[in-house]
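Visitor: Next input, structure requested:
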Amino acid sequence: MNENIALDLQTLANDRRQRLKGLKYPFQLISDFTIKPPRKYWIVKGVIAQGETSAWIAPPGGMKSALMAQLALATAWQLDWHGHRSTACRAVIYFALERADLVRRRLAAHCAKQGITGETLAEIPLAVCDRMVDLTHPDSVKHVLDTIDAAFEEIGQPVQLIIFDTFAKLIAAGGGDEQQAKDQGKIFANIQRIKEKVKEAHVALVGHTGKDESRGARGSNAILGDVDVMVQISGDAVKTATVIKANDMPEGPLFSFTSEIHHFGVDEDGDPITVNIVSADTPEATKAAERGPRLTKNQQTMFAILHDAGAGGLTLDEWNAAAREAGLGERRKADLTDNRNALKTKGLVRSYGDRWTVDHR
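Guide: Numbering: from 1, shown residues only. Predicted structure coming up:
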């Protein structure tokens, strides 16, 4: 687009915005929001973005809350999270409706592992609220916003990640039933009201899977229509976080992780003080290393290309192009197919439609 035309359109859009400012329900013309290509503002690249809502579900004991504690600190202290880049230090408020003491101990453990101590702790823009929150009524929004505003004043920067743990308690606090779509609808209407006021925030909900994990979240499936991203955590010793619903990002495995015990020391009786947290080590790297000796040099190169692409993976054409740049497939095009099939047979890669990712299962 010609630069002068773009400036003229931007001026018209600004004038229109001023004229419509008094409307309760303002609108934009298509020309207003296509002047510049729209982009997504990531909080953690490829995982959570500003202005969106995500749901993180798992069965009881599935490490979903432990994972959220790790995400909270990664967001607040700009730590990369399981291979995904944290884009800035962003203020976080964690509404711990269940086991707030456990949330605090996990956060303390992660701080200790990162070597964050003393005065540095005061610099972390992260707050925990341990009160029951009722989001079934519109007037509850004001109380949540009051808490977020107070956190803003205390921390000195706007809150951009809001975690509610758990979704079931948000409904039950007001006498609702997560089996009922209308009760879930009340929650999401109020979450939207919160996001309208805290415009750059992402809301993360921690929830449960049903008795049949293959059917996803417990209760009404209305939640699927109201979140931008749903991640299901499954597995035994090795857990895998898998995107099972997304509006504009690939579905499939995000990463795998394990739990570990963090030791704080001993109590007055000499007994250990511990808490289980998400391990900082990524099992997929161990998995690849263990299987590495069984791969040819070309297979190792093909795997490394896909692994370095991250959770989003690559299309078949992108993977082949990157492999050719690395010098593969020059003599025989079928070599790329043979190497790819070998990796798939060994359980190291998998495909979703035309996209290929590292298999974290």
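Visitor: List the buried residues in the host helix or strand of residue 306.
Guide: Assigning secondary structure by DSSP states H and E places residue 306 in helix 297-308. Residues 298-303, 305-307 are the ones in helix 297-308 that count as buried (16 or more other Cβ atoms under 10 Å). C-beta coordinates here come from the backbone N, C-alpha and C atoms, glycine included.
Visitor: what residues does the helix or strand in which residue 31 is found touch?
Guide: Using DSSP H and E, residue 31 sits within helix 30-33. Helix 30-33 is contacted from outside by 9, 12-13, 16-17, using Cβ atoms under 8 Å, 6 or more residues apart in numbering.
Visitor: List just the nearest of the residues you listed to residue 73.
Guide: residue 17 (37.8 Å; Cβ to Cβ).
Visitor: for the chain, where's the lowest mean pLDDT among helices and strands?
Guide: helix 283-291 (a mean of 46; mean pLDDT, DSSP states H and E).
Visitor: neighbouring strands for whichever helix or strand residue 253 is part of, and are they parallel or not?
Guide: Assigned by DSSP H and E, residue 253 belongs to strand 252-257. Strands that pair with strand 252-257, judged by DSSP bridges, come out as strand 239-246 (antiparallel).
Visitor: Can I get the strand holding residue 253 as PDB, trimmed to CA atoms?
Guide: Output of strand 252-257 as PDB, limited to C-alpha atoms (Å, rounded to 0.1, in the frame of the first residue of the first chain):
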ATOM      1  CA  GLY A 252      -0.800 -31.200  18.700                       C
ATOM      2  CA  PRO A 253       1.900 -31.600  21.400                       C
ATOM      3  CA  LEU A 254       3.400 -28.500  22.900                       C
ATOM      4  CA  PHE A 255       6.000 -30.100  25.200                       C
ATOM      5  CA  SER A 256       6.600 -32.900  27.700                       C
ATOM      6  CA  PHE A 257       7.700 -32.600  31.300                       C
END
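Visitor: chain center to it: distance?
Guide: 11 Å (Cα atoms, centre = their mean, to the nearest Å).
Visitor: circling back to that earlier point, just the CA trace of the helix holding residue 31, in PDB.
Guide: Provided in PDB are the C-alpha atoms of helix 30-33 (Å, rounded to 0.1, in the frame of the first residue of the first chain):
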ATOM      1  CA  ILE A  30     -12.800  -3.000   7.800                       C
ATOM      2  CA  SER A  31     -10.600  -0.200   6.400                       C
ATOM      3  CA  ASP A  32      -9.700   0.800  10.000                       C
ATOM      4  CA  PHE A  33      -8.200  -2.500  11.000                       C
END
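Visitor: circling back: for the strand holding residue 253, which positions count as buried?
Guide: Here strand 252-257 shows 252-257 as buried, counting by 16+ other Cβ under 10 Å.
Visitor: In those, find the pair that's most separated.
Guide: Most distant of those, by Cβ to Cβ, are 252 and 257, 16.1 Å apart.
Visitor: Quick one: the helices in the stretch 1-150 of the chain, in order.
Guide: 3-19, 30-33, 64-76, 100-113, 140-155 (DSSP state H, counting those that start in this stretch).
Visitor: Kindly reformat the ones you listed as TSV containing mean neighbour count.
Guide: TSV is the format used below for those (neighbours: other Cβ atoms under 10 Å):
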stretch	mean neighbour count
helix 3-19	12
helix 30-33	11
helix 64-76	25
helix 100-113	18
helix 140-155	16
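Visitor: how about those, which one is nearest residue 238?
Guide: Using Cβ to Cβ, the helices of the stretch 1-150 of the chain put helix 64-76 closest to residue 238, at 13.4 Å.
Visitor: mind checking how far that closest one is from the chain centre?
Guide: 9 Å.
Visitor: what does stretch 63-79 give?
Guide: With Cα atoms, centre = their mean, you get 9 Å for stretch 63-79.
Visitor: got it, and stretch 167-174?
Guide: 22 Å.
Visitor: which outside residues touch that stretch?
Guide: Residues contacting stretch 167-174 (Cβ under 8 Å, 6+ apart): 55, 97-98, 132-137, 140, 164, 177-178, 183-184, 186-187, 205-208, 218-219, 223.
Visitor: any low-confidence regions in the stretch 201-350 of the chain?
Guide: In the predicted model of the stretch 201-350 of the chain, residues 210-216, 218-222, 224-225, 281-294, 331, 333 satisfy pLDDT under 70.
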